[in-house]
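A.B. asks: Dropping a prediction and its sequence here:
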Amino acid sequence: MFSRPPFIARQTYAPRTVTFDLAEAETVVRAAEEILQCYGQVDVLINNAGISYRGNILDTDLSVQRAVMDTNYFGPIALTQDAASKHATQAYFDCLRAEVEQYGLAVTVVSPGYIRTNLSLNAVTGDGSKYGVLDKTTAMGRDPRDVARAVLEAVRRRSKDVVLAGPLPALAVFLRNLWPALFFKIMASRACKEQKP
């Protein structure tokens with residue numbers, strides 16, 4: 001997400017929504033053109049599209065992996081370049097932040113954790129079929145309106161990296177950096193539990 005430097009005068013416009021499929025490169029170009037036609041510029045870009053995945057790597061078709069990466073990684077990059085899975089996106093926007101800071105642009109990456117949406121219902125399985133189950137973690141996730149307010153506040157403050165998850169997911173982020181061996185042991189145990197019928 002980008003925001004103008006605080007010292008530039010701002011004009012307020014009504015928000016506009018442009019809907020398109022990030023997995024289809026040609027629609028991204030058309031959407032970018034439509035976005036620019038709205039007001040001639042982009043002050044804040046929120047890349048919040050994504051597709052979720054439920055399956056294990058060994059049983060997943062490569063075409064499913066590509067579809068997930070097209071939506072979660074390449075789609076936001078293509079949109080950013082025309083107007084800019086999740087771990088790769090974080091790294092890309094960390095690099096982008098460093099490159100555009102000289103122009104007074106801010107890049108905020110928000111990791112919201114679980115949100116009460118249809119994400120798990122629309123997730124894909126290893127063979128590409130729809131998962132169709134509302135996960136307990138998603139059902140108990142944050143209210144999307146609360147997340148939206150937190151995102152807007154993070155953009156207003158020009159925050160660089162924001163974790164909106166509860167205490168356990170937030171702890172996992174720090175644990176991965178401070179004690180990777182323990183983090184990977186916990187993740188392996190969790191993966192085994194999720195694969196059991």
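C.D. replies: That came through, no problem.

A.B. asks: what residue lies at the spatial centre of the chain?
C.D. replies: Centrality entry for the chain: nearest residue to the mean C-alpha point is residue 48, 4.9 Å, by C-alpha atoms, centre = their mean.

A.B. asks: excluding its backbone neighbours, what's nearest that one?
C.D. replies: Take residue 48 and drop its neighbours on the chain: the residue closest to it by C-beta to C-beta, 6 or more residues apart in numbering is residue 151, 8.0 Å away. Just so you know, the C-beta spots here come from the backbone N, C-alpha and C atoms, and that holds for glycine as well.

A.B. asks: Tell me who's in contact with that neighbour.
C.D. replies: The neighbourhood of residue 151, defined by C-beta atoms under 8 Å, 6 or more residues apart in numbering, consists of 1, 46, 48, 108, 110, 112, 162.

A.B. asks: Doesn't the fifth one belong to a strand?
C.D. replies: Yes: in this structure, residue 110 lies within a strand as judged by DSSP: H, G, I helix; E, B strand; the rest coil.

A.B. asks: The nearest residue to it once chain neighbours are set aside: neighbouring residues, count only.
C.D. replies: Nearest in space to residue 110, with sequence neighbours left out and distances taken as C-beta to C-beta, 6+ apart, is residue 162 at 4.8 Å. The number of residues packed near residue 162 is 16, by other C-beta atoms under 10 Å.
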